[in-house]
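*Asks:* next come a sequence and a model predicted from it.
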Amino acid sequence: MREDMFKVIVERPRWGSRSATKSKIRHDKCPDRTHATGHRLVLERTGWTKCLNENLAPLKRYLQAQVGRKWDDVFSDICAHLDTGSTVKMHVRTHIDDFVMRHVHRDKDGHLTGHPPWGRRGGPAGWHQDLYVDPDDGRLKRTEALCRKMGVQTPRERWRRKAPTPRDDLRRLSDRECLVRLKGIWYAVTFDRPPRMKKRVPCTDDDIVHALATGAWREADRWQVMHKRQLNKKELKVSRLQNDPSSSH
């Protein structure tokens with residue numbers, strides 16, 4: 001582990017530091033008090049105080065690079081730079097359990113079971129840590145490789161969003177233009193801006209088709225339809241599209 005690991009980890013300013021008062025003691029407007037410390041003023045006036053905000057990416061990269069080593073040796077290197085003489089260093093050490101399932105044992109049936117400091121114990125399919133300590137040889141290993149060997153999915157794989165299925169009734173030409181089929185007829189639609197559900201959440205194809213089919217775009221706050229026209233025969237031929245008035249979609 002690098003010698004300046006502690007400085008790299010805690011290089012970020014603490015959350016809520018801008019809410020701190022300029023002086024430690026100020027005159028208080030509360031009739032029952034004459035003075036109040038800055039900590040109390042911040043808590044009463046803003047609702048929060050300063051809290052730790054570590055940059056744990058270097059620690060995570062270090063642990064990923066130690067795969068295959070004895071965990072006792074890895075932990076000894078960490079303790080050499082994050083000793084118990086500092087409250088902040090001890091707090092950083094508690095984040096090791098966010099990346100490594102350290103307490104792993106085999107049950108009576110021979111299955112691996114993790115015992116996290118919090119939450120419920122269970123098998124590798126329920127571990128959110130990317131690494132674990134193998135109880136057989138005491139080495140640091142990857143949870144994903146273990147799950148593949150056991151034929152189970154990791155929580156990250158289960159939670160991963162699947163790519164939406166492309167629709168056959170919508171073609172995006174640009175961020176503000178598209179071709180859409182409404183009740184079997186193809187239209188060219190132009191928006192005043194890229195359609196968005198929220199400030200930074202773009203609309204999906206399903207959202208756009210639903211808004212155009214139901215007229216919900218008229219109530220949208222973040223985008224409007226500027227122009228809409230039916231495609232002529234030449235445009236249908238160039239785009240390899242075909243109208244189907246008998247279709248209700």
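*Replies:* Nice, I can see it.

*Asks:* could you pull out the helices in the protein for me?
*Replies:* Along the chain, counting by DSSP state H, helices occupy 5-9, 38-46, 57-65, 71-81, 87-94, 143-150, 155-159, 205-214, 233-238.

*Asks:* just want the angle from the longest one to helix 87-94.
*Replies:* For the pair helix 71-81 and helix 87-94, the angle between their directions (axes from the mean of the first three to the mean of the last three C-alpha atoms, to 10 degrees) equals 160 degrees.

*Asks:* burial of the closest residue to Asp107 other than its chain neighbours, as a residue count?
*Replies:* In space, and not counting its chain neighbours, Asp107 is closest to Thr113: 5.2 Å by C-beta to C-beta, 6 or more residues apart in numbering. Bear in mind the C-beta positions are built from the backbone N, C-alpha and C, glycine included. Close neighbours of Thr113, defined as other C-beta atoms under 10 Å, add up to 16.

*Asks:* list the contacts for Thr113?
*Replies:* Taking C-beta atoms under 8 Å, 6 or more residues apart in numbering, we find Thr113 in contact with 104-107, 121-123.

*Asks:* among these, who's most crowded?
*Replies:* In those, the most neighbours by other C-beta under 10 Å go to Val104, 22 neighbours.

*Asks:* surely that residue meets Val133?
*Replies:* Yes: if you go by C-beta atoms under 8 Å, Val104 and Val133 touch, sitting 5.7 Å apart.

*Asks:* quick one on the thing from earlier: ok, so what distance separates the residue nearest to Asp107 from Pro58?
*Replies:* 30 Å (C-beta to C-beta, to the nearest Å).

*Asks:* what do you get for Asn243?
*Replies:* Counting by C-beta to C-beta, the gap from Asn243 to Pro58 is 59 Å.

*Asks:* the two: who's more crowded?
*Replies:* More crowded of Asn243 and Pro58, by other C-beta under 10 Å: Pro58, with 18 against 15.

*Asks:* mind pulling up the pLDDT for the more buried one?
*Replies:* With respect to pLDDT, Pro58 has a value of 82.

*Asks:* state the distance from Lys89 to Pro117.
*Replies:* 18 Å.
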